[in-house]
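1. Next one to model:
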Amino acid sequence: MTSLKRIDELLSGRMQRLGIPLLRISFAIIFIWFGILKPLGLSAAEPLLKATVAWMPFGRPESWLHIIGWWEVLIGVCFLFNKTTRIAILLLLLQMAGTFMPMVLLPEVVYQKPWALYLPTMEGQYIIKNVMIISAALVIGGNIKLTR
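-> Numbers count the residues shown, from 1 in each chain. From the prediction side, this is the model:
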């Protein structure tokens, strides 16, 4: 075996061992951090979130800001533990459904020109990147081994 192949196998083995734990920790950091900013009134996403939930027949946008923020904190905390990771993924998938709502409800905010799907604004890009978050969550869920 060539030394290049040995190095490749060593590196890929380490990536395989570290990948899922690092993804889980990354999710925990991001969801706890971004989530706690919402109830504290410090989130840059606050105007978008409030505009998105303004149509809801119950609750004020400020209330939804708190609910969604604490929901995200819960997602992050659940990612910290193997036994609750699949719960985190379920909560994440439910939350992600809401993150795509502005693409339909607020096209003037999400696209540079009305319904120009190929021209997302910064907010649109922020939303579209959630496809990667969903994909990474599914990879984690498919690789978590629960010990008894």
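2. which parts of the longest helix along the chain are buried?
-> Identified as the longest helix of the chain according to DSSP state H is helix 3-37. Across helix 3-37, burial judged by 16 or more other CB atoms under 10 Å covers 20, 23-24, 27-28, 31-32, 34-37. In this view, the C-beta of every residue, glycine as well, is placed from N, C-alpha and C.
3. Could I get the pLDDT score of the residue lying closest to I20 once chain neighbours are set aside?
-> Sequence neighbours aside, N143 is the residue nearest to I20 in space, at 5.1 Å (criterion: CB to CB, 6 or more residues apart in numbering). On pLDDT, N143 comes in at 91.
4. Does N143 touch P21 like I think?
-> No: assessed by CB atoms under 8 Å, N143 is found out of contact with P21, at 10.2 Å.
5. list the contacts for the residue nearest to I134 when sequence neighbours are not counted?
-> The shortest distance from I134 to any non-neighbouring residue, by CB to CB, 6+ apart, is to M96 (5.6 Å). By CB atoms under 8 Å, 6 or more residues apart in numbering, M96 lies in contact with 130, 133-134.
6. Report the angle between the host helix or strand of M96 and helix 3-37.
-> Per DSSP states H and E, M96 falls inside helix 85-99. In terms of direction (axes from the mean of the first three to the mean of the last three CA atoms, to 10 degrees), helix 85-99 departs from helix 3-37 by 60 degrees.
7. In helix 85-99, which of the residues would be classed as buried?
-> Buried, per 16+ other CB under 10 Å, within helix 85-99: 85, 88-89, 91-92, 95, 99.
8. any chance of those in CSV, plus distance to Q16 and pLDDT?
-> As requested, the buried residues of helix 85-99 are exported to CSV (distance: CB to CB, whole Å; pLDDT from 0 to 100):
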residue, distance to Q16, pLDDT
T85, 17, 95
A88, 21, 98
I89, 20, 97
L91, 26, 98
L92, 23, 98
Q95, 28, 96
T99, 30, 94
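9. Tell me the one of the residues you listed nearest A45?
-> The nearest member of the buried residues of helix 85-99 to A45, counting by CB to CB, is T99 at 9.3 Å.
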